[in-house]
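In: would you be able to build a 3D model of this:
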Amino acid sequence: MSILAAVIMAVAAYLVGTFPSAHLVAYWTGHDPEAEGSGNPGASNVLRIAGKRAGAIVFAIDVLKGLLPVLFGLLVSGRPLAAVGWAAATVGHIFPAYRSFKGGKGAATAGGGVFGLFPLIGLTLLVAFVVIARVGKKASIASLVTAVGLGALVIVTGRPTWEVVVTLAMIALVILRHTSNIVRLISRKEHSLSRTS
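Out: Numbering: from 1, shown residues only. Coordinates of the predicted model:
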């Protein structure tokens, strides 16, 4: 992987990550994800304020934002370039420059990248996420548990050290973005996935 290829991938994947899926879908249904619900422009909040169909569309798009750069990287160069795409797309989703660096929590986009780099782990974690979210009715709990599970599975499956380091960095970023959720969970004030309108 050349430095030029890494830079081009980082810029392109970052821009893909900034695609405002939650805003576009929510606005189309007459809602503002930053003014309603939890105020977070992500799939779980769109589901909460605009319904399951809208939430599912946002979730699918956000997953693709992480998956497509990874697949492209794997196709043209290999896993190192794919990892650059994974990281850049996730950062773009969380910190979009044209929205004052205020984006989503990154779980779905990061998860999309996991499907490209670690398909079996990704499938396992998707099942876990769905079960935990349905039982607990809180997407944040499902996101945090699967994030920790990702780190454990990447380590125990014997992935190369650099892949473990990149994965742990992505996990740390996603958990950091969930700080407010963790505070609300501790105080038992966390938002439910139930629709509020």
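In: check contacts around residue 177.
Out: The neighbourhood of residue 177, defined by Cβ atoms under 8 Å, 6 or more residues apart in numbering, consists of 94, 104-106. Yep, even glycine has a C-beta here, placed from its N, CA and C like the rest.
In: possible to save the residues you listed as CSV with distance to residue 131?
Out: Below are the contacts of residue 177 laid out as CSV (distance: Cβ to Cβ, whole Å):
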residue, distance to residue 131
94, 25
104, 22
105, 20
106, 21
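In: now, which of those lie within helices?
Out: Among the contacts of residue 177, the residues falling in helices (DSSP state H) are residue 94.
In: tell me the one among the contacts of residue 177 nearest to residue 151.
Out: The closest of those to residue 151 turns out to be residue 106 (Cβ to Cβ; 14.8 Å).
In: just checking, that closest one touches residue 175?
Out: No: using Cβ atoms under 8 Å, residue 106 is not in contact with residue 175, being 9.7 Å away.
In: which one of those two is surrounded by more residues?
Out: Shown here are residue 106 and residue 175; by other Cβ atoms under 10 Å, residue 106 has more neighbours (28 against 19).
In: measure that one to residue 160 for me?
Out: According to Cβ to Cβ, to the nearest Å, residue 106 and residue 160 sit 23 Å apart.
In: give the rounded mean pLDDT of the single longest helix found in the chain.
Out: When the chain is parsed with DSSP H, its longest helix is helix 52-76. For helix 52-76, mean pLDDT rounds to 96.
In: which other helices and strands contact that helix?
Out: helix 3-17, helix 21-28, helix 43-50, helix 79-94, helix 107-117 (3 or more Cβ pairs under 8 Å, 6 or more residues apart in numbering; DSSP states H and E).
In: so how far is the first one from its chain's centroid?
Out: Same thing as helix 3-17. 18 Å (Cα atoms, centre = their mean, to the nearest Å).
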